[in-house]
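>>> what's the 3D shape of this:
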Amino acid sequence: MLAAVAQHGDAGVMADDEPAEGATVRVNGRARQVHADDDTALLYVLRNHLGLKGTRFGCGLGVCGACSVLLDGHPAYSCDTPLWSVTGKEVTTVEGLGAEGEPHPVARAIVEQQAAQCGYCMSGIVVSAAGLLSANPEPTEAEVRAALDDNLCRCGAHNRVVRAVLIAAAEMRTAAS
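Now for the predicted structure:
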């Protein structure tokens, strides 16, 4: 069992005979020391080693977006991003987007607009939308749809999510002026 788990990159479980090299990773503005194999998927490091459970395991193939994080401000799938590739980069998870007691405007708008249904995909969607609004504070509906195209929502909430992201963008622009 341990070998099967370790083979899949579980950074939280290490066999006694497999010492891992330490790596320093910047996550949500903090340097974090992790002891995991260099090829361990960032998703497993975040969830199993660092305890950041907001990043979800969806497909494990880099096609659904549930595991999306920001790497230096750009959305990336953490399920197929090896630990070695994030050295020297800033990783931002959904937990790192807002402040204590103050969720990111996209997360707040999704809740206020009741845009989520089951919510499983929402952390990846919030991360991707936050990345978009950071790069483009005044996106069109088409640009929001394009930015979220790689995030699958099996509940069919995309139209509500797009409206919520546009509302968040307007609120962010008003707050900045």
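>>> and the gap between the residue nearest the centre of the chain and V34?
The residue lying closest to the centre of the chain (Cα atoms, centre = their mean) is V69, at 2.7 Å. Per Cβ to Cβ, to the nearest Å, V69 is found 15 Å from V34. The way it works is simple: take the backbone N, C-alpha and C, and place the C-beta from them, glycine included.
>>> re earlier: just checking, the residue nearest to the centre of the chain is part of a strand?
Yes: under DSSP: H, G, I helix; E, B strand; the rest coil, V69 sits within a strand.
>>> Low-confidence stretches in this protein?
Along the chain, segments meeting pLDDT under 70 span 1-21.
>>> Please enumerate the helices of it.
Taking DSSP state H, the helices of the chain run over residues 2-7, 42-44, 105-112, 122-135, 141-147, 158-176.
>>> Can you add distance to D80 and mean neighbour count and give those helices back as JSON lines?
JSON lines is the format used below for the helices of the chain (distance: least, Cβ to Cβ, whole Å; neighbours: other Cβ atoms under 10 Å):
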{"stretch": "helix 2-7", "distance to D80": "15", "mean neighbour count": "12"}
{"stretch": "helix 42-44", "distance to D80": "8", "mean neighbour count": "26"}
{"stretch": "helix 105-112", "distance to D80": "24", "mean neighbour count": "21"}
{"stretch": "helix 122-135", "distance to D80": "13", "mean neighbour count": "24"}
{"stretch": "helix 141-147", "distance to D80": "19", "mean neighbour count": "15"}
{"stretch": "helix 158-176", "distance to D80": "23", "mean neighbour count": "18"}
